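>>> Build me a model from this:
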Amino acid sequence: MKQLVSAFILSRLDYCNSVLVGMPWSTIAPLQRVQNAAARLVMGLSARDHVGPALRELHRLPLAHRIKFKVALLMYMAHNLLCPLYIREMLAPVSNTSMRWQLRSSGSSNYTIPRTRTKFGDKAFSLAGPVIWNSISEFIRAANIRSNIQTSTQNALFNLLN
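Numbers count the residues shown, from 1 in each chain. You can find the predicted model right below:
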């Protein structure tokens, strides 16, 4: 049962969910309810049971955190040169920015956050990615998690966000 739900329902929730970054809760809430219903089905819970422990046992982040995780994972891949060039070209490390190379922050792995003129621009990966990446502690960003990237990053971000 767990494999069927994971294959048909949860994989659809994960597909391109990073485009939902910055969306209001009213847009994400219906998808969260689907994830909660799937967790209840797999764990055999009633509609009145709390779904939080079931999501933890199934190693599923709440959807809002899952979206941030996906963007953070994409930023990790861009930072470590594991993604296509067109994604890396959208990002500018602080150390590469002119007029900032002398600052103490130029030695960190932060990225510059571009200014936007609209709320729609705030949802772009070129802005949302660096905002999420810069909010993660330097210790987590520097961790070598390539061997088990999915589990260790997910656990670290879940602990960070809660």
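>>> So which elements touch the longest helix that the chain contains?
Assignment by DSSP state H gives helix 25-43 as the longest helix of the chain. Applying 3 or more Cβ pairs under 8 Å, 6 or more residues apart in numbering; DSSP states H and E, one finds that helix 25-43 contacts helix 2-5, helix 11-14, helix 52-57, helix 63-79. C-beta here means a position set from N, CA and C on the backbone, and glycine is covered the same way.
>>> what stretches of the protein score poorly on pLDDT?
96-108, 144-162 (pLDDT under 70).
>>> From the centroid of it, which residue is nearest?
The residue lying closest to the centre of the chain (Cα atoms, centre = their mean) is residue 69, at 1.9 Å.
>>> so which of the helices and strands packed on helix 25-43 is the most packed in?
Of all these, helix 63-79 has the most neighbours on average by mean count of other Cβ atoms under 10 Å, namely a mean of 21.
>>> Identify all contacting residues around the helix or strand just after that helix.
Remark: after helix 63-79, the chain's next helix or strand is helix 85-88, criterion DSSP states H and E. Residues external to helix 85-88 that are found in contact with it (Cβ atoms under 8 Å, 6 or more residues apart in numbering): 74, 77-78, 81, 125.
>>> Greatest separation within the residues you listed: which pair is it?
The largest separation in the contacts of helix 85-88, counting by Cβ to Cβ, is between 81 and 125 at 16.9 Å.
>>> okay, the two: which has more neighbours?
Neighbour count, other Cβ atoms under 10 Å: between residue 81 and residue 125, residue 125 has more, with 18 against 8.
>>> which of the residues in whichever helix or strand residue 140 is part of are buried?
Assigned by DSSP H and E, residue 140 belongs to helix 138-142. Residues 140-141 are the ones in helix 138-142 that count as buried (16 or more other Cβ atoms under 10 Å).
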